[in-house]
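K.L.:
Please find the sequence and the predicted model below.
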Amino acid sequence: MLTTASDYIRHRLQRYEASIDHTRASFRDPSAHGELIASAPYSEQCALPVLLDSLAGNPNETAMRQEYARITKKLEALARESGPGYRESLMKDLTNIAHMYHASACHASICNLSDEVATAPCRKRLISLLLAELRVDHDVTGIEALLSMIDDNIRGSATVPEHSPASPEGRSCFAVTEPDHNSSQKYSRQIRID
């Protein structure tokens with residue numbers, strides 16, 4: 001069965017709305033719905049603007065953008081009405097997602113993967129959505145500093161060579177600027193990467 005772009009986006013809009021409804025129900029009665037991921041509606045939301053942009057010229061575009069706007073108003077109401085417990089859960093999710101972003105950037109750097117793998121555009125949009133939502137009543141400066149540091153490192157990260165001619169075993173060596181607190185040397189050691 002062939003799924004058209006319109007059908008796929010319609011399905012994604014339904015998932016977006018369902019995630020809002022589920023999150024609202026979970027906060028009303030947490031015991032009935034299992035563990036809550038407060039940021040689930042924002043996760044569903046983050047890819048939709050890009051998907052809707054792909055519909056340029058499609059006869060369904062206007063209707064789908066109106067549906068997206070209607071559902072987004074439900075999310076705004078959820079964020080406004082759910083109180084501090086929900087916002088604390090969102091902050092906890094934001095912290096976890098920022099640390100996952102950090103881990104994926106480190107992994108991509110060590111494995112010499114592309115910057116797109118490291119930054120995962122949808123994850124980056126999700127972080128931006130949550131930062132915008134939480135900035136009004138939470139101190140997010142630490143997370144913003146972490147993200148800025150990660151992005152700076154990605155742009156200027158060192159490339160790990162596949163093979164170092166200086167290594168007779170064919171292993172790559174990568175110098176690390178890690179302070180050795182027991183020594184006055186700036187470069188304290190090397191890490192072997194097999």
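P.N.:
Looks like it arrived, so ask away. Residues are numbered from 1 along each chain as shown.

K.L.:
R15 touches E44, doesn't it?
P.N.:
Yes: with contact defined as CB atoms under 8 Å, R15 counts as touching E44 (5.3 Å). Every C-beta, even on glycine, is put in place using the N, C-alpha and C of the backbone.

K.L.:
Please identify which of those two sits among more neighbours.
P.N.:
Legend: neighbour count by other CB atoms under 10 Å for R15 and E44, higher for E44 (21 against 15).

K.L.:
How is the more buried one assigned, secondary-structure-wise?
P.N.:
Recorded secondary structure, E44: helix (DSSP: H, G, I helix; E, B strand; the rest coil).

K.L.:
quick one: what helix or strand has the nearest residue to it once chain neighbours are set aside in it?
P.N.:
Setting aside the residues directly before and after it, E44 is nearest to Y16 in space (CB to CB, 6 or more residues apart in numbering), at 4.1 Å. Secondary structure from DSSP states H and E places Y16 in helix 5-28.

K.L.:
Show me which positions of that helix end up buried.
P.N.:
9-10, 12-13, 16-17, 19-20, 22-24, 26-27 (16 or more other CB atoms under 10 Å).

K.L.:
Pull the distance from it to the chain's centre.
P.N.:
Taking CA atoms, centre = their mean, to the nearest Å, one finds the center of helix 5-28 at 19 Å from the center of the full chain.

K.L.:
What of stretch 140-158?
P.N.:
Distance, centroid of stretch 140-158 to centroid of chain: 13 Å (CA atoms, centre = their mean).

K.L.:
Same check on stretch 49-61?
P.N.:
The answer for stretch 49-61 is 23 Å, by CA atoms, centre = their mean.

K.L.:
which residues does the spatially most central residue of the chain contact?
P.N.:
Nearest to the mean C-alpha position of the chain, by CA atoms, centre = their mean, lies R123 at 2.3 Å. Going by CB atoms under 8 Å, 6 or more residues apart in numbering, R123 touches I97, M100, Y101, S104.

K.L.:
pretty sure the third one contacts L147?
P.N.:
Yes: counting by CB under 8 Å, Y101 does reach L147; the two are 7.1 Å apart.

K.L.:
who touches both of those two?
P.N.:
I127.
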